[in-house]
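*Asks:* return a 3D structure for these sequence lines:
(chains A and B)
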Amino acid sequence: AQSVTQLGSHVSVSEGALVLLRCNYSSSVPPYLFWYVQYPNQGLQLLLKYTTGATLVKGINGFEAEFKKSETSFHLTKPSAHMSDAAEYFCAVSDRHAGGTSYGKLTFGQGTILTVHP
Amino acid sequence: DAGVTQSPTHLIKTRGQQVTLRCSPKSGHDTVSWYQQALGQGPQFIFQYYEEEERQRGNFPDRFSGHQFPNYSSELNVNALLLGDSALYLCASSWINTEAFFGQGTRLTVV
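*Replies:* This next block holds a predicted model:
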(Lines give C-alpha, C1' and ligand atoms only; values in the text may rest on other atoms or scores of the structure.)
Protein backbone atom coordinates (compact mmCIF):
# COMPACT_ATOMS: atom_id res chain seq x y z
CA ALA A 1 0.00 0.00 0.00
CA GLN A 2 1.11 3.51 -0.73
CA SER A 3 1.51 6.17 1.93
CA VAL A 4 2.70 9.76 2.10
CA THR A 5 4.27 11.56 5.04
CA GLN A 6 4.57 15.33 5.11
CA LEU A 7 7.00 16.47 7.79
CA GLY A 8 5.67 19.53 9.57
CA SER A 9 1.98 20.32 9.66
CA HIS A 10 2.80 24.04 9.85
CA VAL A 11 5.69 25.93 8.25
CA SER A 12 6.23 29.65 8.76
CA VAL A 13 8.62 31.77 6.67
CA SER A 14 9.28 35.45 6.07
CA GLU A 15 8.46 37.03 2.75
CA GLY A 16 11.46 36.56 0.45
CA ALA A 17 12.81 33.55 2.36
CA LEU A 18 13.27 30.03 1.03
CA VAL A 19 10.26 27.74 1.20
CA LEU A 20 10.93 24.04 1.85
CA LEU A 21 8.05 21.63 2.34
CA ARG A 22 9.01 18.01 2.95
CA CYS A 23 7.36 14.91 1.55
CA ASN A 24 8.35 11.26 1.85
CA TYR A 25 6.45 8.41 0.28
CA SER A 26 6.22 4.68 0.59
CA SER A 27 5.50 2.62 -2.50
CA SER A 28 6.43 -0.81 -3.76
CA VAL A 29 7.04 0.57 -7.25
CA PRO A 30 8.13 4.03 -8.42
CA PRO A 31 4.93 6.05 -8.30
CA TYR A 32 3.72 9.20 -9.91
CA LEU A 33 4.20 12.15 -7.51
CA PHE A 34 2.28 15.39 -7.20
CA TRP A 35 2.09 18.58 -5.20
CA TYR A 36 -1.26 20.33 -4.89
CA VAL A 37 -2.12 23.66 -3.24
CA GLN A 38 -5.42 24.44 -1.53
CA TYR A 39 -6.58 27.94 -0.66
CA PRO A 40 -9.27 28.36 2.02
CA ASN A 41 -12.67 27.00 1.02
CA GLN A 42 -11.42 25.97 -2.39
CA GLY A 43 -10.51 22.80 -4.26
CA LEU A 44 -7.03 21.59 -5.07
CA GLN A 45 -4.81 23.10 -7.73
CA LEU A 46 -1.91 21.18 -9.22
CA LEU A 47 1.49 22.82 -8.68
CA LEU A 48 3.67 20.19 -10.36
CA LYS A 49 4.01 16.49 -11.04
CA TYR A 50 6.70 13.87 -11.60
CA THR A 51 6.03 10.92 -13.84
CA THR A 52 9.23 9.94 -15.64
CA GLY A 53 12.37 11.60 -16.93
CA ALA A 54 14.09 14.57 -15.29
CA THR A 55 13.97 14.30 -11.52
CA LEU A 56 13.88 18.07 -10.98
CA VAL A 57 10.41 19.26 -11.85
CA LYS A 58 9.39 22.88 -12.27
CA GLY A 59 5.83 23.95 -11.61
CA ILE A 60 3.67 27.03 -11.48
CA ASN A 61 4.27 30.12 -9.36
CA GLY A 62 8.03 29.48 -9.11
CA PHE A 63 7.78 26.17 -7.25
CA GLU A 64 9.92 23.15 -8.01
CA ALA A 65 10.45 19.69 -6.55
CA GLU A 66 13.10 17.01 -6.86
CA PHE A 67 12.37 13.29 -6.95
CA LYS A 68 15.01 11.37 -5.01
CA LYS A 69 14.38 7.66 -5.35
CA SER A 70 17.11 6.65 -2.88
CA GLU A 71 15.53 8.84 -0.21
CA THR A 72 11.91 8.20 -1.31
CA SER A 73 11.42 11.95 -1.12
CA PHE A 74 9.75 14.64 -3.21
CA HIS A 75 10.37 17.91 -1.36
CA LEU A 76 8.82 21.15 -2.62
CA THR A 77 10.87 24.35 -2.74
CA LYS A 78 10.56 27.96 -3.78
CA PRO A 79 13.56 30.31 -3.58
CA SER A 80 11.63 33.37 -2.43
CA ALA A 81 8.29 33.27 -0.63
CA HIS A 82 5.50 35.66 -1.50
CA MET A 83 2.52 36.58 0.64
CA SER A 84 0.24 34.97 -1.93
CA ASP A 85 1.93 31.58 -1.29
CA ALA A 86 0.16 31.28 2.06
CA ALA A 87 -2.05 28.20 1.70
CA GLU A 88 -2.15 24.48 2.50
CA TYR A 89 0.04 22.19 0.43
CA PHE A 90 -0.54 18.51 -0.19
CA CYS A 91 1.88 15.92 -1.49
CA ALA A 92 0.27 12.95 -3.24
CA VAL A 93 1.23 9.71 -4.95
CA SER A 94 -0.61 7.75 -7.58
CA ASP A 95 -0.20 4.24 -8.81
CA ARG A 96 0.51 3.61 -12.44
CA HIS A 97 -2.88 2.31 -13.43
CA ALA A 98 -2.81 -1.08 -15.06
CA GLY A 99 -5.64 -0.06 -17.35
CA GLY A 100 -3.32 2.30 -19.18
CA THR A 101 -5.74 5.18 -19.05
CA SER A 102 -5.65 8.01 -16.58
CA TYR A 103 -3.87 7.79 -13.29
CA GLY A 104 -5.29 5.68 -10.51
CA LYS A 105 -6.29 6.89 -7.08
CA LEU A 106 -4.33 9.62 -5.37
CA THR A 107 -3.03 9.01 -1.86
CA PHE A 108 -2.48 12.31 -0.05
CA GLY A 109 -0.37 13.37 2.86
CA GLN A 110 -1.89 15.21 5.81
CA GLY A 111 -0.97 18.59 4.41
CA THR A 112 1.35 21.43 5.42
CA ILE A 113 -0.02 24.88 6.15
CA LEU A 114 2.39 27.54 4.91
CA THR A 115 2.30 30.93 6.62
CA VAL A 116 4.23 33.85 5.12
CA HIS A 117 5.11 36.78 7.35
CA PRO A 118 5.76 40.29 5.99
CA ASP B 1 -13.79 25.87 -20.29
CA ALA B 2 -15.75 25.72 -17.04
CA GLY B 3 -13.43 23.18 -15.46
CA VAL B 4 -14.83 20.70 -12.95
CA THR B 5 -18.11 21.89 -11.47
CA GLN B 6 -19.78 20.52 -8.37
CA SER B 7 -23.20 21.11 -6.91
CA PRO B 8 -24.38 22.11 -4.45
CA THR B 9 -21.56 24.10 -2.83
CA HIS B 10 -22.95 23.72 0.67
CA LEU B 11 -25.44 21.30 2.17
CA ILE B 12 -26.83 20.64 5.63
CA LYS B 13 -28.44 17.28 6.37
CA THR B 14 -29.75 15.46 9.41
CA ARG B 15 -28.36 12.18 10.71
CA GLY B 16 -29.95 9.20 8.98
CA GLN B 17 -30.84 11.11 5.83
CA GLN B 18 -29.54 10.45 2.35
CA VAL B 19 -27.63 12.92 0.17
CA THR B 20 -26.66 13.15 -3.50
CA LEU B 21 -23.75 15.25 -4.70
CA ARG B 22 -23.15 16.02 -8.37
CA CYS B 23 -20.09 16.57 -10.51
CA SER B 24 -19.56 17.66 -14.12
CA PRO B 25 -16.06 16.86 -15.37
CA LYS B 26 -13.78 19.15 -17.30
CA SER B 27 -14.51 19.13 -21.01
CA GLY B 28 -12.86 16.13 -22.70
CA HIS B 29 -12.34 14.19 -19.47
CA ASP B 30 -13.84 10.71 -19.12
CA THR B 31 -12.75 9.62 -15.64
CA VAL B 32 -14.22 10.93 -12.41
CA SER B 33 -12.92 10.36 -8.89
CA TRP B 34 -14.43 11.33 -5.56
CA TYR B 35 -12.58 12.27 -2.39
CA GLN B 36 -13.62 13.05 1.17
CA GLN B 37 -11.65 15.72 3.03
CA ALA B 38 -12.38 15.96 6.74
CA LEU B 39 -11.41 19.14 8.52
CA GLY B 40 -7.65 19.38 8.94
CA GLN B 41 -6.99 16.22 6.94
CA GLY B 42 -5.80 15.35 3.47
CA PRO B 43 -8.35 14.10 0.94
CA GLN B 44 -9.24 10.40 1.14
CA PHE B 45 -10.09 8.48 -2.02
CA ILE B 46 -13.66 7.16 -2.15
CA PHE B 47 -13.94 5.70 -5.67
CA GLN B 48 -13.22 6.26 -9.34
CA TYR B 49 -15.55 5.86 -12.32
CA TYR B 50 -14.61 5.18 -15.91
CA GLU B 51 -16.94 4.13 -18.73
CA GLU B 52 -19.84 4.18 -16.26
CA GLU B 53 -18.21 1.50 -14.12
CA GLU B 54 -16.61 1.78 -10.68
CA ARG B 55 -12.98 1.04 -11.43
CA GLN B 56 -11.33 1.53 -8.05
CA ARG B 57 -12.69 1.92 -4.54
CA GLY B 58 -11.14 3.19 -1.36
CA ASN B 59 -11.84 2.07 2.20
CA PHE B 60 -15.36 3.44 2.51
CA PRO B 61 -18.52 1.55 3.55
CA ASP B 62 -21.27 0.56 1.16
CA ARG B 63 -23.30 3.55 2.34
CA PHE B 64 -21.19 5.43 -0.19
CA SER B 65 -22.21 4.71 -3.75
CA GLY B 66 -21.84 6.42 -7.06
CA HIS B 67 -22.84 6.57 -10.64
CA GLN B 68 -21.41 7.85 -13.88
CA PHE B 69 -23.64 8.89 -16.75
CA PRO B 70 -23.00 8.57 -20.51
CA ASN B 71 -21.98 12.26 -20.63
CA TYR B 72 -19.29 11.43 -18.01
CA SER B 73 -20.94 13.42 -15.22
CA SER B 74 -21.15 11.66 -11.90
CA GLU B 75 -23.10 11.47 -8.66
CA LEU B 76 -22.01 10.50 -5.17
CA ASN B 77 -24.71 9.13 -2.90
CA VAL B 78 -24.38 8.68 0.83
CA ASN B 79 -27.08 6.83 2.76
CA ALA B 80 -27.82 6.79 6.49
CA LEU B 81 -25.71 9.86 7.15
CA LEU B 82 -23.53 9.96 10.26
CA LEU B 83 -22.08 12.98 11.99
CA GLY B 84 -18.66 11.73 10.87
CA ASP B 85 -19.66 12.13 7.24
CA SER B 86 -19.38 15.89 7.64
CA ALA B 87 -16.59 16.91 5.28
CA LEU B 88 -15.63 18.62 2.06
CA TYR B 89 -16.37 16.26 -0.84
CA LEU B 90 -14.13 16.80 -3.82
CA CYS B 91 -14.65 15.60 -7.35
CA ALA B 92 -11.72 15.25 -9.74
CA SER B 93 -11.75 14.51 -13.43
CA SER B 94 -9.02 13.29 -15.72
CA TRP B 95 -8.32 11.77 -19.13
CA ILE B 96 -5.59 9.60 -20.62
CA ASN B 97 -2.22 10.63 -19.19
CA THR B 98 -3.56 13.77 -17.55
CA GLU B 99 -3.42 14.61 -13.92
CA ALA B 100 -6.57 15.06 -11.88
CA PHE B 101 -8.33 18.42 -12.01
CA PHE B 102 -10.38 19.18 -8.91
CA GLY B 103 -13.63 20.99 -8.43
CA GLN B 104 -14.31 23.48 -5.65
CA GLY B 105 -15.98 20.83 -3.55
CA THR B 106 -19.28 20.40 -1.72
CA ARG B 107 -19.25 21.19 2.00
CA LEU B 108 -21.56 18.68 3.72
CA THR B 109 -22.58 19.27 7.30
CA VAL B 110 -24.50 16.54 9.13
CA VAL B 111 -26.37 17.65 12.25
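*Asks:* what stretches of chain A score poorly on pLDDT?
*Replies:* A:96-103 (pLDDT under 70).
*Asks:* show me where it has strands.
*Replies:* Taking DSSP state E to define them, one finds strands in chain A at A:3-7, A:10-14, A:19-26, A:32-38, A:44-50, A:56-58, A:64-68, A:73-78, A:87-94, A:106-108, A:112-117.
*Asks:* what's the answer for chain B, then?
*Replies:* Going by DSSP E, chain B shows strands at B:5-7, B:10-13, B:19-24, B:31-37, B:44-50, B:53-57, B:64-68, B:74-78, B:87-94, B:101-102, B:106-110.
*Asks:* list the contacts of A:Ala54.
*Replies:* Counting by C-beta atoms under 8 Å, 6 or more residues apart in numbering or on different chains, A:Ala54 makes contact with nothing. Every C-beta, even on glycine, is put in place using the N, C-alpha and C of the backbone.
*Asks:* and for B:Phe69?
*Replies:* B:52, B:75.
*Asks:* local confidence estimate at it?
*Replies:* B:Phe69 is assigned 97 on the pLDDT scale.
*Asks:* now B:Ser33
*Replies:* The model's pLDDT for B:Ser33 equals 95.
*Asks:* wait, it touches B:Tyr89, no?
*Replies:* No. Using C-beta atoms under 8 Å, B:Ser33 is not in contact with B:Tyr89; the gap is 11.3 Å.
*Asks:* most centrally placed residue in chain A?
*Replies:* A:Trp35 (2.7 Å; C-alpha atoms, centre = their mean).
*Asks:* the residue nearest to it when sequence neighbours are not counted and chain B, how far apart?
*Replies:* Nearest residue to A:Trp35 in three dimensions, chain neighbours excluded: A:Leu47, at 4.4 Å (C-beta to C-beta, 6 or more residues apart in numbering or on different chains). As judged by C-beta to the nearest C-beta, to the nearest Å, A:Leu47 and chain B stand 11 Å apart.
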